[in-house]
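Visitor: Sharing a model prediction with you, sequence too.
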Amino acid sequence: MQSNLRFDEADFTVRTWTFGEETVTCRAYENFLYVKYPSDPEHQVMSLYVPQAYYENKASGGFTRDTAPVFFPNAVGGYMPGLPASPGASRGNEDGNASFQALRRGYVVAAPGARGRTTKDSSGRFNGKAPACIVDLKAAVRYLRANRDAIPGNFERIISNGTSAGGALSALLGATGNHPDYAPWLKEIGAAEERDDIFAASCYCPITNLEQADMAYEWQFHGTKEAYGRAFRKVGDRMEMVPAHTVLTEEQLAHSKALHALFPAYLNSLALAGPDGKPLTLDAQGGGTFLDHVKQAIITSAQQALRKEPGLAAHEWLRIRNGRVEDVDFQAFTAFSTRMKLPFAFDGLNLETPENNLFGTEMIDSLHFTPCARERAGTEGVLADPSIVAMMNPMGAIGAAEAITAKHWRIRHGVVDRDTSLAVPVMLATRLRNHGCEVDFELPWGMAHAGDYDLEELFNWMDQVTL
Ligand code: DHB
């Protein structure tokens, strides 16, 4: 199957959705290829939804056909293959989902699918291992720009959105605009010859900075000796998630200690600065101004929640005086959050994690991607190509001369999300700020691993940054 990369303006259906009091009508162009040489034509497709108003020379949500920002939500989870998102109900309530809300507010929705870690091509080779997912999203952005004359919207106002692995991809897309490292991969799939930098990135709980995430995890969770992971149980014909309780072995505690000891050197190498310009650092025990900075993000979150939720004071790990949250006991807070993953949380010693699987190759399903885990696993196995590992990490591109990094960022990571360390989003947000990006960053109170839970605020932010 091949595509000529030309958008067919005539190939649409008119679709209408209603949620609550709101109705939107749009032209829907669904599941068209965005690369010339797809290896996975099921996923290398995009769906485009354009408010009907723009074909009637009307305004919508304060935007016109020429000024409408482009909402670019990826539906990737778990680094699995993703299909294009479409307007519909949002999980857990009666309102429309993010794509619906975007259309309602006059945005053009361009929803890309992307290859993922489990798929194989017709010759049986894995075709969605890293960096396929980010290369695909870049190709989709390039396709839009290449067809800008045929598609309503302002392609200098592309705003990406994603959750978890999708949040990580949103961050990568935002950080690595036009970076030459991706060029050969884009060429191979026949991406349009265009720019792929974007205007803004919204990232919910990005599972990112993967090669440092094992250390960051133990920096936060080293004091917890039990894990409450996720397991699935069949109830009738439904799957139900139940906590899986594990007590760490002596060996796992030793891994935790070793990883904890390695994190400060990495953190210090970033040379991050806090809001007052002072260095954010860690000492050998894992304490210091960076820890204070993470604690401050928790305190800010608690302070906001306290206004709405008087029962908040019941947590013994918060010190609250006269309605002011003064301090958080980080160790006790972490014990309250509970550990989800065992040491080597990302580069699993038995190659068992989604990340090991992401860094496989055409022929090898899963690989180690940190020398430390490979050494501890005691295997002679191949290590993932470090240049590919680097292509999956936004941290390196921020501030690099070769990349255009998005100016505007919104990062949300639930305060009790245990899928990765709180240090990971804090490092990302801080590095972005240190390089002059505008970052709206919060750890929503009481929130675990989730996304798209505050759509009203998300779109208010988008309206504000696109003005
Ligand atoms: C996701 C969650 C994880 O814990 C992880 O390691 C990778 C991806 C996800 O929900 O996308």
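Guide: Right, received. Where do you want to start? In this text the structure is predicted, and so the values were computed from the model without any measurement.

Visitor: correct me, but residue 390 touches residue 384?
Guide: No. Counting by Cβ atoms under 8 Å, residue 384 is not a contact partner of residue 390; they are 10.3 Å apart. For the C-beta atoms, the positions are set from N, CA and C on the backbone; glycine is no exception.

Visitor: Skip ahead from the helix or strand bottoming out on mean pLDDT in the chain and say which helix or strand is next.
Guide: Taking mean pLDDT, DSSP states H and E as the measure, the helices and strands of the chain show their lowest mean at strand 238-247, namely a mean of 77. Counting by DSSP states H and E, the element after strand 238-247 in chain order, helix or strand, is helix 250-269.

Visitor: what angle sits between that next one and strand 238-247?
Guide: Interaxial angle, helix 250-269 versus strand 238-247 (axes from the mean of the first three to the mean of the last three Cα atoms, to 10 degrees): 90 degrees.

Visitor: counting contacts, what elements does helix 250-269 pack onto?
Guide: Judged by 3 or more Cβ pairs under 8 Å, 6 or more residues apart in numbering; DSSP states H and E, helix 250-269 is in contact with helix 210-221, helix 371-377, helix 423-434.

Visitor: And the ligand, is the first one touching that?
Guide: No. Using Cβ under 6 Å from any ligand atom, helix 210-221 stays clear of the ligand, coming no nearer than 8.3 Å.

Visitor: so how far is that helix off the chain centroid?
Guide: Its chain's C-alpha centre and that of helix 210-221 lie 17 Å apart, by Cα atoms, centre = their mean, to the nearest Å.

Visitor: do the second one as well
Guide: Centroid separation for helix 371-377 versus its chain: 26 Å, with Cα atoms, centre = their mean.

Visitor: Restricting to C-alpha, output it in PDB.
Guide: Extracted C-alpha coordinates of helix 371-377, given in PDB (Å, rounded to 0.1, in the frame of the first residue of the first chain):
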ATOM      1  CA  PRO A 371      24.300  -0.900  31.200                       C
ATOM      2  CA  CYS A 372      23.400  -1.000  34.900                       C
ATOM      3  CA  ALA A 373      20.500  -3.400  34.500                       C
ATOM      4  CA  ARG A 374      22.300  -5.500  32.000                       C
ATOM      5  CA  GLU A 375      25.200  -5.900  34.300                       C
ATOM      6  CA  ARG A 376      22.900  -6.700  37.300                       C
ATOM      7  CA  ALA A 377      21.000  -9.200  35.200                       C
END
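
Visitor: If you count neighbours, what's buried in that helix?
Guide: Using 16 or more other Cβ atoms under 10 Å as the test for burial, helix 371-377 gives 372-374, 376-377.

Visitor: Ok, stretch 350-369 next?
Guide: Neighbour-count burial for stretch 350-369, counted by 16+ other Cβ under 10 Å, picks out 351, 353-361, 366-369.

Visitor: One more: stretch 142-151?
Guide: 142-147, 151.

Visitor: Excluding sequence neighbours, find me the nearest residue to the residue most central in space within the chain.
Guide: Closest to where the C-alpha atoms of the chain average out (Cα atoms, centre = their mean) is residue 167, at 1.1 Å. Of all residues not flanking residue 167 in the chain, residue 206 sits nearest, at 3.7 Å (Cβ to Cβ, 6 or more residues apart in numbering).

Visitor: coming back round to it: most tightly packed of the helices and strands packed on helix 250-269?
Guide: Burial of those is given as mean neighbour count (mean count of other Cβ atoms under 10 Å); helix 210-221 ranks first at a mean of 26.

Visitor: So, low pLDDT: which residues of the stretch 101-250 of the chain?
Guide: Flagging of the stretch 101-250 of the chain using pLDDT under 70 yields the residue ranges 231-232, 237, 239-241.

Visitor: Up against the ligand, what does it have?
Guide: Within the stretch 101-250 of the chain, the positions near the ligand by Cβ under 6 Å from any ligand atom are 164-165, 207.

Visitor: ok, the residues you listed vs residue 33, which is closest?
Guide: residue 165 (22.8 Å; Cβ to Cβ).

Visitor: Neighbour count: residue 390 and residue 384, which is higher?
Guide: Neighbours per residue, other Cβ atoms under 10 Å: of residue 390 and residue 384, the larger number sits with residue 384, 25 against 14.

Visitor: Let me know whether the more buried one touches residue 364 as I believe.
Guide: No. Using Cβ under 8 Å, residue 384 makes no contact with residue 364, being 9.3 Å away.

Visitor: Which neighbours do the two have in common?
Guide: Residues touching both residue 384 and residue 364 by Cβ atoms under 8 Å, 6 or more residues apart in numbering: none at all.

Visitor: buried ones in stretch 269-278?
Guide: For stretch 269-278, burial by neighbour count (16+ other Cβ under 10 Å) applies to 270, 272-274.

Visitor: which two from those end up farthest apart in space?
Guide: It's 270 and 274 that sit farthest apart of the buried residues of stretch 269-278, by Cβ to Cβ, at 12.3 Å.

Visitor: in whichever strand or helix holds residue 30, what counts as buried?
Guide: According to DSSP H and E, residue 30 maps onto strand 22-33. By 16+ other Cβ under 10 Å, the buried positions in strand 22-33 come out as 24, 26-33.

Visitor: What is the subsequent helix or strand relative to it?
Guide: Downstream of strand 22-33, the next assigned helix or strand under DSSP H and E is strand 45-51.

Visitor: Show me what the helix or strand where residue 457 lies is packed up against.
Guide: With elements taken from DSSP H and E, the one containing residue 457 is helix 455-466. In terms of contacts (3+ Cβ pairs under 8 Å, 6+ apart), helix 455-466 is packed against helix 98-104, strand 158-163, strand 200-204, strand 408-412.

Visitor: ok, 10 Å please
Guide: strand 70-73, helix 98-104, strand 158-163, strand 200-204, strand 408-412, strand 438-442 (3 or more Cβ pairs under 10 Å, 6 or more residues apart in numbering; DSSP states H and E).

Visitor: how big is the angle separating it from strand 200-204?
Guide: With the same axes, to 10 degrees defining the directions, helix 455-466 sits at 160 degrees from strand 200-204.

Visitor: quick check, nearest of the buried residues of strand 22-33 to residue 103?
Guide: Looking at these and their distance to residue 103, the nearest is residue 24, at 4.4 Å (Cβ to Cβ).

Visitor: looking at it, the closest one is touching residue 16, isn't it?
Guide: Yes. Contact criterion Cβ atoms under 10 Å: residue 24 and residue 16 qualify, at 7.0 Å.

Visitor: So for these two, which residues contact both of them?
Guide: The contact sets of residue 24 and residue 16 overlap at 52, 87 (Cβ atoms under 10 Å, 6 or more residues apart in numbering).

Visitor: can you name the farthest residue from the center of this structure?
Guide: Outermost residue of the chain (Cα atoms, centre = their mean): residue 322, 37.2 Å.

Visitor: Contacts only, for that one.
Guide: Residue 322 touches nothing, counting by Cβ under 10 Å, 6+ apart.

Visitor: ok, now how distant is it from residue 364?
Guide: Applying Cβ to Cβ, to the nearest Å, the value for residue 322 to residue 364 is 59 Å.
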